[in-house]
Structure formats: structure tokens, C-alpha cells
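Visitor: sequence plus predicted model, see below.
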Number of protein chains: 4
Amino acid sequence: MRHQAVEVCRVPCRGPGDLSGVQALADAGRLVAADIVAVMGKTEGNGCVNDHTREYASVAWCHWLAGQLGCSPTEAGERVALVMSGGTEGVLSPHFTVFTRRWIDGPAPAGPKRLVIGTAQTRDFAPHELGRAAQVDATAEAVREAMREAGIDTAADVHFVQVKCPLLTSSAVQRSVDTGLEPVTRDTYESMGYSRGASSLGIAVALREVPRDAVTDDVVLRDFSLYSGRASASAGIELDHNVVIVLGEAAGAASPYRIAHTVMSDAIDGRAVSGLLAAFGEPGRLVNLLAKAEASPDGRVRGERHTMLNDSDINATRHARAAVGGVLASLAGHTALYVSGGAEHQGPAGGGPVAAILHLGDPA
Amino acid sequence: MRHQAVEVCRVPCRGPGDLSGVQALADAGRLVAADIVAVMGKTEGNGCVNDHTREYASVAWCHWLAGQLGCSPTEAGERVALVMSGGTEGVLSPHFTVFTRRWIDGPAPAGPKRLVIGTAQTRDFAPHELGRAAQVDATAEAVREAMREAGIDTAADVHFVQVKCPLLTSSAVQRSVDTGLEPVTRDTYESMGYSRGASSLGIAVALREVPRDAVTDDVVLRDFSLYSGRASASAGIELDHNVVIVLGEAAGAASPYRIAHTVMSDAIDGRAVSGLLAAFGEPGRLVNLLAKAEASPDGRVRGERHTMLNDSDINATRHARAAVGGVLASLAGHTALYVSGGAEHQGPAGGGPVAAILHLGDPA
Amino acid sequence: MRHQAVEVCRVPCRGPGDLSGVQALADAGRLVAADIVAVMGKTEGNGCVNDHTREYASVAWCHWLAGQLGCSPTEAGERVALVMSGGTEGVLSPHFTVFTRRWIDGPAPAGPKRLVIGTAQTRDFAPHELGRAAQVDATAEAVREAMREAGIDTAADVHFVQVKCPLLTSSAVQRSVDTGLEPVTRDTYESMGYSRGASSLGIAVALREVPRDAVTDDVVLRDFSLYSGRASASAGIELDHNVVIVLGEAAGAASPYRIAHTVMSDAIDGRAVSGLLAAFGEPGRLVNLLAKAEASPDGRVRGERHTMLNDSDINATRHARAAVGGVLASLAGHTALYVSGGAEHQGPAGGGPVAAILHLGDPA
Amino acid sequence: MRHQAVEVCRVPCRGPGDLSGVQALADAGRLVAADIVAVMGKTEGNGCVNDHTREYASVAWCHWLAGQLGCSPTEAGERVALVMSGGTEGVLSPHFTVFTRRWIDGPAPAGPKRLVIGTAQTRDFAPHELGRAAQVDATAEAVREAMREAGIDTAADVHFVQVKCPLLTSSAVQRSVDTGLEPVTRDTYESMGYSRGASSLGIAVALREVPRDAVTDDVVLRDFSLYSGRASASAGIELDHNVVIVLGEAAGAASPYRIAHTVMSDAIDGRAVSGLLAAFGEPGRLVNLLAKAEASPDGRVRGERHTMLNDSDINATRHARAAVGGVLASLAGHTALYVSGGAEHQGPAGGGPVAAILHLGDPA
């Protein structure tokens, strides 16, 4: 019987196009390109509309994988789920988290559940579909497909779902308007929020956190009581469809890793994360935290006014990543964390999901 | 015998010119304008060269005090030490911390040391003096004067020294160059760091943390092993001299407040602050944390690269305030904290001093 | 018979709160505070949501006028139309254009039409009214009132209408949403465009450039074929109603000034402005250009892509002011020009109105 | 006898990595990759330290050329002089100007001088050499080499010299400081100015505009009376040496292009450029303007204060490109212009060189 062994390595980089650390791991035999299933990168752009570091890093990965796998860069990009999240504000450190998976024949381990991973993709979206029910449904279907691919039977075993979704550029807006299809917004920066929001509601539907019939076009970015506690969505200019990565646990996996999640109730809820780390109850080394951050849409944190939403010099997502990055780094003890901005329908308004990946048996 | 009773109140605002919260306290008889000794504000500008919110808030305070005290706005500004620190990045919330002091005749309280405050000012500096030994010496002298004014005998009882210092505008640079006096830098943003650095070395000299003969023009922004663990300096466009506020404890004070300090060793050293809060050992309500934040000048936090110093869209001081603000707010439980950017010679490189003010006997 | 004599002076400043140049003119007897009708300022903030320099300058003017007029700052602000436009990107230079008006008894001059000015205000708007027909209608009514006040009989004699209008802050958005009244947008930056757009359509209606029944909530920021060639609207955080200033010409005025206007068809249409300046046909000194600038909403200038609308580091209005400021300054020969950003329904999409004020008989 | 035929094409792009326009020209036989000598690109990053769009575009070009030429990307980058200048603020439009050169055997054309091009490179610089005499001398030598390669005998026939030069990152600063070699500045953004300045003085020395013995370390960014009227230098993070492109005219060239230059005396000196365009005296189509822009270091333009140097939200180079881009586009009639920021020692303080390339005989 086949069972999977997932490995996770976190690799620093000196810039969005720098894969020398990845190459060094490959040279040392510690990373086999053919086993790579997904890469979740933090790149040092602004994380907003004109953040070309995401695309640059993706292109660099495609070229590197192409060289390793003997295929074209385009084929490499289709084979591996590449999710680049822009923005390393504050102490955050640019890096790539690389997930490999190997299928092993023979009797599956009998112990407790261990880390598994699965991926899937939606079709391309038309500009007017972004931020609306069409994106919700296609995402939900892709999450279910990725769960099957990961060997996860029950939504309770899913601990993090990462989606990379498109945004609207001004030319896409214009194109859509010209054909009489009004997009959900004409503001390019705002479109990122809509795309993340609809994608996250799709995750919530797939994980049965929100019933499908509660979701209409109108609730997106409106009814924040509807959310997923395990969703993470990043919008980028470099794709027209959604890419989905499901991380969870399953019995019979041979991975020496565990994953668990919590929900920060607001941007300074360090207590939730301390609790998450304490709850593993097994010795291990924290590989990474995967977290979402956002400026509370009511303009307040614990009753005090914040200025993130009124700042026309620095977008709110940048502020939020910087602040939550500080909170998490003070608990994790390192700064190469995956903190992604814009948590619409990802955790409660102003808060967000956090997952922790633990490498077992190696506390150093 | 006269002894002092210091009160501290933290007042939120809706904008840099909004003193409606202050007025409400005055109307309620909870704040007497004539008792105000110092105001430390966080305003919502960029905290850098062209942050006019600091000046705007100062002007608003001068007008308000003038109306209350029956003097001119200029006289009001000379009577009260107004220190406005710009930048409420991330979760930080704009507010004013108002220090009042009343002199009471009669036997001094016999209990343990309590909060005291003192202020002083230097002469105006010429542009070429900023960031050099002339500024160091004048600041040291003003710190000693403020200690005497506060009734503090020993440097060990000083827990926080706030300095507001000038910066170089491009016209000041030009003026100095035209007269043959090369300023320490021609870059206006960089001049803020030099002015903060020299002021902080002045504090370190006054508090005997650094011997005077270790300080020359050349060590400013060069030798970061020289620092004060209790200095906080903010540069602003609105003044030409240094304003000094000394906060500490003294026996015989009638203030229902305590103050203590620690030093964060880096931007994510939450542990130092947890320890500080735990060490009071008395029940009380945390009024405020006063902290300095900076991007580690070696480009790393615990060995991982940060991108703050290479970011030409957002200045490093803004990143640092956002990150450290997150760390501190997650511990303090509120976000109206005094976190000031640019910690040159204020704590070790990349770290910074933190003081906590506790209102005794009122844990709610 | 009474007739008016308008004077216009352009005064530089060293910062948003600096009225020393104004004071000097008053001291020299060249500016009488009681005659001041309107001030149009360019201040050095970001011109977007959190630009506190506009409010700071307005407060400084109110205090100065109060001292001169012997009234309260609030009364001064109601007496004079203060319009502060933020943003002096590129070569633009911060300054105030001060309009005074004196009523003279006796026979009116028999010569050609000369500069006149009139002002008016709307009522306060509720957050959900901004950017919608309610704002259009109230603005149109105020323009008609200001024309009457200026002594202008026909719309053809109006050459520039300046409106200062409110924006939505995140707290106003929240307040409106809480009461079930969905504002036109929840994005604070975007609300500035809606407020400017509805105000400008109000001007177009009053000047009969657009028929009233062509205007519904739906055309605002949608149908850019509807516009005024003489409208200029600036949004600011410091007011809840619209302030209207009408500039035009009328027979019988004793002002030694002329005003004329043109429309730039796009951001680089310097030819239109050269033509405007040449068309006066009388010797004179150009006092100021009053102009609107915007990033073409179709993402192109003369067929070439621009990047202003996709830039998440610098808002599009800032780019547009910088570029158009360069174009105009190269023609005017000086940089203290009134170039205001965000030209929705103010001239054609991507272009904008420009008015020129000429002081007659003084070419120096 | 061999003589050269240079062709110049200006190609728009949809992003820093988009070479579809270039590919289309190649597919149509209008661009032969093997003939490409140099590419001068404008990319849509911030043009400052962390502008990764320059590197991304260079990488894209290297990969494209490698595919066309059958060599490695690295070899392609060594074969073609790739100069990417970041920053398309205001109306400027991202594009690539591609220079090809073909050597033709047979009798050289007998007509007037025509466009020629030559390139060269310096050695790699150590961090402490940047902005100092070492960089000046190496650049001067490379300019002379590029002139020889272009077939230009006399400095008078050189009309534009483009240099791409390195900058200091914070890690380079640290490395240099650690080895006891103080770099010219520790501020990464400021290092770009020093590198551009020293490179431009190198050009001035080579073109005999400044005598070699007038240049010492101390005059860089200090004595702006020393400058070249034909220098253009851009600093970037992606290289450690200087790349030099010389553009000029020579007898015997078969290129259907002319080039000429002027110097703008300040940022709004449109008159100089009008004169340049009029002076060709031959019918033709303007292919591109190549220009340098900078914020006047004395803080004024024609006596009026500008705010570019005190703006901590937008770097001065970005302001200057936006403003000068507007001035030039209003004259050229299109916006895909090569306007590069930071004109230290490139033209007089606050002004800058401008070259125009005219395609003869094709006014459409």
C-alpha cells in the first residue's frame, strides 16, 4: 500500500530571484526537485498590485525547476504549486518554504496522524467573476479535489488551505467594462481584497465552516461573520486562476511533521499562538508559522483607534503584516515566517488563522 | 517640606489637532492645565522629515494651554515640555501621555520610591553642531539639570530620559554649507539619526553609562557598543534645541505610580518586556510603555535578513515601529503605546530601552 | 452704484502652518484681512486621506484671521472660504493664493469685463450622500448662489469653480454601515474620487454643461463623457459640507485682473495652455494657473500605457499632479501653481480644466 | 571597408518581464537578436534601492537572448549592454529602446555624420571604491574604449553616454565596514547618488568637460559646477561594475538616424528641448528622448521652494522623473521616454542632459 512522506524545508534567499540556497540543498542531496509539490514564498515587494517580486520569484523557480526536471519553465510551473506572497515588512525575512512528497510502497506507519499535502487548480476566471460567487464555487471544488489528492477524509484534519488568486489590473477592468460586464470593483488594489475574500469563502464552504447557501455575491467583503479559520489567500498579478494547497494530517503518513492551527481573534492575540505552540505536547522544532494578518475593518484594535485604513502612503496590508509579524516572531524566536496580508473572511474581522508546522523529535 | 505628586494620564485623540479628550478631562476636573509639566504624544504622521503632524499637535497644545493658562501660545510652549513623536504604524494608536505635577507641603510619604519627573532644555544648535559632540555635551548638561529638577540624586533612579531634538532640513543644510560649515550629513532623513544618536550619547554620559572621554564626533552612528539603556530621542522639524524629560523614582514622592525599565536586545525580544512587567510585584494598571524601536543596522534579526534598510518606499523607522509595536501590544494588551523610531545609541544595535509606568493599586 | 475690486496675491510659505509671508503683506499694508474673501492653498501633504497639512493650514489661517479680525477662529473660518489642496509633488511649490474683494461706491468702470469672485456653502452631508445625486444637487444650488454673489449673470462668464468637499474616513464608513446606509464606497481613498466627482457634476449642472436629468447616482465615476470644463474639486478630511468659490468676469468690475480658461485634453496637452496664455492679447503678469490633473482612467496617455493606477506605493493623484505640474511650470515659468489632483468629471477623462489669472499692465 | 548601420527601435512592454513585443519584432524579421548591441529599458519599479524590476527585466532579456543566440543567459548578459532604469512615475511609459548594429562591407556612405554606438565595461568595484576617484578613473577609461569601439574620434561627436553603475546594499556596507574600509556612505539610497556622481565625473573627464586633476574624492556630490552635459548614469542592485554605452555620430555610418543633445538648465527648461528638436533641420520621426532628471539640491526651482528633498514618503528621484517626464512628453507628444533620475554631475545642479534620436525621412 502506498503512503506519503512529506518533508518541509525553509530556505532563505538574498532576493526574489535568488535560488542559491535551494541549489545548495539540491547539491547536498537534501532536496530532490522531482519531489517538490509546492513552494510558499515570502518575497520582498509591497505585496500589492504592482509587486513584481512575486512574478519574478515564480519565474526564477520555473527556470530552476525546468533545468532540474528537464522540462520547459511553463511545464514546471504547472507541475508545482508556486505561491508567492509579497511583503516582508518589519522584521519579516524573505524565504521559501518548500514542500516535497514522496510516495512509499509498503505497510503504512501505524502511529498517530502526520502531515500530508495536496494541491489543485481552478479554471481561469473572467475579470467580472473575481470576488463573486463564481470564484467561491470554483475554489470550493478545488479544495475538495486537493483534500482527496492529500488523502484527507474529513475537514477536521485540514489545518491550512493556501490559495493564490488573481487580481484586477486597470487593463482587465477596462476590458471588462468595455464588454458591459461591470467588475466587482474598478479599483485595482481593492480587487485584491475581493479576490481573497471570495476564495476564502470557497474554502469555508469546502470545510463546512459556512453553508453554501449563506454565500451570495453580496456577502463578499460585507458579512465578516462568515469566515474560515484555516484559509489563507494571496492575490497576485501573475495568474488568472486559483491555485490551492491543502495542508493537514492523515493516518498512515510517514512524515516526521505535525501541523495544527488556531485563530488569532485580533492582530495582537499572541496568547492564541502561545497556546497553539504549547498544545503540540511533543518535542520538536518549529519549522514555520503560516499566518494571515489584516487591519481590523472597524478601525479599532481592542477599542483603540488604528490608522492603517486611512494611510494613503502605506497600504493597510503592509501595516498589518509588519505588526503581526512582530507578534509572531517574538513567540517563534525567528523572523522567516509566512505572514500574508489581507485576511478577508480568513478568521474573524481583524484577526486571522495561524498554522504551525512542527518537525518532530528535533527541538534544537 | 515640599514633595511632589505626579499624575499620568493617557488620552486618545481623533487626529493630531484633536484635544477634545483633553478638554473633557479638564472639564471633569481630572486634569488641571496649570499642573501639566510634560506631554509625550504619538501622532499619526510618517515620523520622518516631512511629518507635519508633530508640529500641528504641538501648535494645538500651545493654543489649548494658552487658553487655559491665560498666556500666549509661545509662552505655553516654553512652560510645558511638549514631545510629539510621529508614526503610529501597524496597530499603534495615536494618543497623548500627559504628566502633571503638584507640589505638596507637609511631611513627605515614608514609603518606597515613587514616580517623579523633571524637565530642562538646551540652547539652540547651529546646523553643523547636530550629530556631533557639541550636541552630546549640551544634552548631558540638560539631563543633569532635569534630574535635579526632578529631585533624583542618583542615576540608578532614572528609568527613562526623553529627548526631542532637531533635524536638518534641506535649507538648513544649504545655509550651513554656504557658510563653509559642513553638516554631519546633507541628507535630511539621515540627519534625524545623527541628532538622535548624539542626544542619546549625551544621556548615556549624564547617566554614567558611557564615560565622556569615550565620545568623539567619530563615534556617533559608528560605535554602537556605546549606548544608554534609558534614552529615547525623537527628531522633529519644529525646534532648534533639545527638550529633555527625565522620568524616575525618588523617595518622598506622593505619586501613586511606579516606573521601571528594561532593554530589549533585539526587535522581537518580548521576553525582556514580560520580565519587566512581572518584576513590579505589586498590583497595578499599566498606564503606558515607553519604547524605542529600530531596524538592526547589520541587516539581520537573530541571523535572518530583514529588508527594512533597503526599502526605498517605506523608511526603516516606520517598519521598526510597526513591528515592535506589535510585540509590545501583544504583551500590554492595548495599542496606545509610546513606541518611537530610530534607536541609535538607545539600547544595543537593533534593540532598545523600554520603560513601564504602573498605576498602583488599580489592576482594572 | 456699488461695484467690486478684486485683488489676487500669491504668497509662498515655508510649511503648512507658516503665514509669515501673509503677515508681512499685512504689515506692509498690501493685504487687508477684512477684505479677504477666499484662500486657495497648496500644502505639502500627500493630498490623500491622511493629509493633515490641509487641516493644519486651515487652522493656522483661522487663528491668524481671528487675530486680525477680532473674532473667534471658528467665525473666521466661516467668513472666508478656505480651500487647501494637498500635494506639491515634483516641482510644485507650496503657496497660498489670497483673493480680496472691496466694494466701491460710485460709477462702475465702463471698460471690458474684469475679474469677480463669489462664494457659497452647502449644508453638511451625511456619509451616504457623498458621491451621489444629493451632493450633486446641493453643489449646483451653491454654485448658482455664488454666481449671484459674484454678480455674474451668465454661465459663459464663469471661468473656474473651486469646490472643497468632504471624504469618508473609516469611522464615517462604519457609522453609516451601522445605521444601514451603505456609503458609495467603503474605501476611504476611493471616497475622495466619488466626492469630487459628484461635486463636479453639480458644477456642470449649474453651468448648463450637463443637463440635470442626465445625472443619476449611477453616472458618478462611470460616465466620464459628462463633465465640466471649469470645475475643480478637492476632497479633504476637515469638513462635512461643500465650500464653493466661483471665479469669473463681469462688466463694471474695477479689478485689474482678467481670467480665462481652457481644457487640457490629456495630461501632456501643453498646447492648450500655450494657446490660453497667448489668447489674452493684453500685456500682463501671470498670477497663477489653476488646474486639475488626473491619471487617465483607461490606463493610457496617447496610446501608451501608464502605471499610475497600478502603483500601490504612490497614489495616482500624486503622480498626476507631479506630471501636470511639470507641463504647466515649463509654460508658466514658475512652480507655485495651483495643480490639484483627481479630475473626475472635471474636464474629459485624463485631462482637466485650466484657468489663468492675469494681472493687467504689469508684464514684469 | 567596413562601416556600421545602427537601428533603434522602441518597444513597449506590459511588465518588467514582458518581451512579447520584442518577440513579435523578431518574428516579423524586423529585429535580429544577433545584431543587438544594447538595450536601454525603463521599468516600472521605484528606481531606488529595492527596485527588483530592473534585475527582473535584465534576467528576462538574458533568457530571451540566450534562446535566440544559443548561448547561456550569463553569456547573453555579457554580450549585450543591458541598462535598465527603474521608475516610470507620472505619465512615463515602460518600454525598451533596442540598439542593433550591423557591420557592412563596401564603400562607406559619403553623406553627413550619422548615428553610431559603442560599449565597454569596467572591472568590478569594491564597496569602498564606489563614489570615489577609483570609480571616476575606471569609468573614464571605459568611455574612451567605447568611443573607439563606436568609431568616434572626437569628444564633440559624443552626444550621450549611458552608464549603469552599482549601489551599496546594507550587506555590502556591513562587509566593507567589517574589513575596516569605510564606504563613502552607509545609507543605501544615498549610495546610488555617489555611484552616479563618480561615474558621471568619469564621463566628464573622458569627454574633456572636466580636467582630471580637478577631480578628487572630495568633489563628488560636493562641487556641482563640475559636470558633463552628455552623461547619464543609473545605479542598480544587479551589478558590481560599470557598463558604458556611448552614442554619437560619425562620418561613414550607414544609419538612417541622427542624434543631438542639449542641457536643461533646470527641471522645467522645456525651451532647451524645443530648441533641440527644432535644430535638426531635417524631417524625421523622434524615436526617443534620453534625459536625466533631478531635484535641485538647493531646494528651489527658479527661486521657488520645492519639497522633493524633504519628502520621506517618496524619494526625490521619483518626484523629479515625474515632473521632467511631464515636461518632455508635452514636447515629444508621446510618453515612452527614457527619463532617468538622479542627475548628480550630469548637467548643472537641478538640470540635466537630454539627447534626441531622430529617424530620418519619416515624419509620420
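Guide: Cool, got the structure.

Visitor: for the rest of this, base every contact and every neighbour count on C-alpha atoms.
Guide: OK.

Visitor: can you list the low-confidence ranges for the stretch 151-300 of chain A?
Guide: Applying pLDDT under 70 to the predicted model, the stretch 151-300 of chain A contains no residue that meets it.

Visitor: the same query, at a cut-off of 80, please.
Guide: Using pLDDT under 80 as the threshold, the predicted model of the stretch 151-300 of chain A has low-confidence ranges A:238.

Visitor: got the residues of it near chain B?
Guide: Taking CA under 8 Å from any CA of the partner chain as the criterion, the neighbours of chain B within the stretch 151-300 of chain A are A:267-271, A:295.

Visitor: at 7 Å instead, please
Guide: Residues of the stretch 151-300 of chain A found near chain B (CA under 7 Å from any CA of the partner chain) are A:268-270.

Visitor: top of these by neighbour count?
Guide: Neighbour counts for these, by other CA atoms under 10 Å in any protein chain shown, peak at residue A:268, which reaches 29 neighbours.

Visitor: residue A:26 and residue A:16, how far apart?
Guide: When distances are taken as CA to CA, to the nearest Å, residue A:26 and residue A:16 turn out to be 19 Å apart.

Visitor: neighbour count for the two, which is higher?
Guide: Under the criterion of other CA under 10 Å, the comparison of residue A:26 against residue A:16 puts residue A:16 first, with 29 against 14.

Visitor: OK, contacts around the more buried one?
Guide: Shown in contact with residue A:16 (CA atoms under 7 Å, 6 or more residues apart in numbering or on different chains): A:43-44, A:53, A:56-57.

Visitor: may I see these arranged in TSV, with secondary structure as well?
Guide: Written out in TSV, the entries for those read as follows (DSSP: H, G, I helix; E, B strand; the rest coil):
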residue	secondary structure
A:43	strand
A:44	coil
A:53	helix
A:56	helix
A:57	helix
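
Visitor: chain neighbours aside, what residue packs nearest to residue A:208?
Guide: In space, residue A:208 comes closest to residue A:155 once its chain neighbours are excluded; the distance is 7.5 Å by CA to CA, 6 or more residues apart in numbering or on different chains.

Visitor: swap in residue A:302?
Guide: Distance criterion CA to CA, 6+ apart; nearest residue to residue A:302, sequence neighbours excluded, is residue B:334 at 6.6 Å.

Visitor: now intersect the residues of the stretch 151-300 of chain A next to chain B with the helices, please.
Guide: residue A:270 (DSSP state H).

Visitor: ok, so of the residues of the stretch 151-300 of chain A next to chain B, who is nearest chain C?
Guide: Using CA to the nearest CA, the shortest approach to chain C within these belongs to residue A:268, at 20.3 Å.

Visitor: isn't that closest one right up against residue B:326?
Guide: Yes: look at residue A:268 against residue B:326 with CA atoms under 7 Å: they come within range, at 6.4 Å.

Visitor: any common contacting residues for those two?
Guide: Between them, residue A:268 and residue B:326 share the neighbouring residues A:324, A:327, with contact defined by CA under 7 Å, 6+ apart.

Visitor: name the residues of whichever strand or helix holds residue A:22 that are buried.
Guide: Using DSSP states H and E, residue A:22 maps to helix A:20-27. Across helix A:20-27, burial judged by 16 or more other CA atoms under 10 Å in any protein chain shown covers A:21-23, A:25.

Visitor: please enumerate residues in contact with stretch A:171-178?
Guide: Residues from elsewhere that reach stretch A:171-178, judged by CA under 7 Å, 6+ apart: A:127-128, A:182-183, A:186, C:298-299.

Visitor: strands - which of those residues land there?
Guide: Assigned to strands by DSSP state E, none of the contacts of stretch A:171-178 qualify.

Visitor: in these, find the pair that's most separated.
Guide: The largest distance within these, taken as CA to CA, falls between A:128 and C:299 and amounts to 18.3 Å.

Visitor: can you tell if stretch A:34-44 touches chain C?
Guide: No: interface with chain C: stretch A:34-44 contributes nothing (CA under 7 Å from any CA), its closest point being 13.6 Å away.

Visitor: average pLDDT across that stretch?
Guide: Taken as a whole, stretch A:34-44 has an average pLDDT of 98.

Visitor: and for it, what's in contact with it?
Guide: Stretch A:34-44 has contacts (CA under 7 Å, 6+ apart) with A:16, A:53-54, A:69, A:80-88, A:94-102, A:338.

Visitor: now those: which count as buried?
Guide: Looking at these with 16+ other CA under 10 Å, the buried ones turn out to be A:16, A:53-54, A:80-88, A:94-102, A:338.

Visitor: from these, which land in strands?
Guide: Among these, the members found in strands (DSSP E) are A:81-86, A:95-102, A:338.

Visitor: and chain B, which of those residues reach it?
Guide: When contact is defined as CA under 7 Å from any CA, these do not meet chain B at all.

Visitor: closest one of these to residue B:115?
Guide: Residue B:115 lies nearest to residue A:338 out of those, by CA to CA, at 42.2 Å.

Visitor: please name the nearest non-neighbouring residue to the closest one.
Guide: residue A:290 (4.8 Å).

Visitor: what helix or strand does that neighbour sit in?
Guide: Secondary structure assignment for residue A:290, by DSSP H and E: strand A:284-293.

Visitor: residues making contact with the helix or strand following that strand?
Guide: Elements were assigned by DSSP H and E; along the chain past strand A:284-293, the next helix or strand is strand A:300-301. The set of residues external to strand A:300-301 that reach it, using CA under 7 Å, 6+ apart, is A:306, B:91.

Visitor: so is the helix or strand following strand A:300-301 next to chain B?
Guide: Scanning forward in sequence from strand A:300-301 by DSSP H and E, the next helix or strand is strand A:304-305. Yes: contact between strand A:304-305 and chain B, assessed by CA under 7 Å from any CA, occurs at A:304-305.
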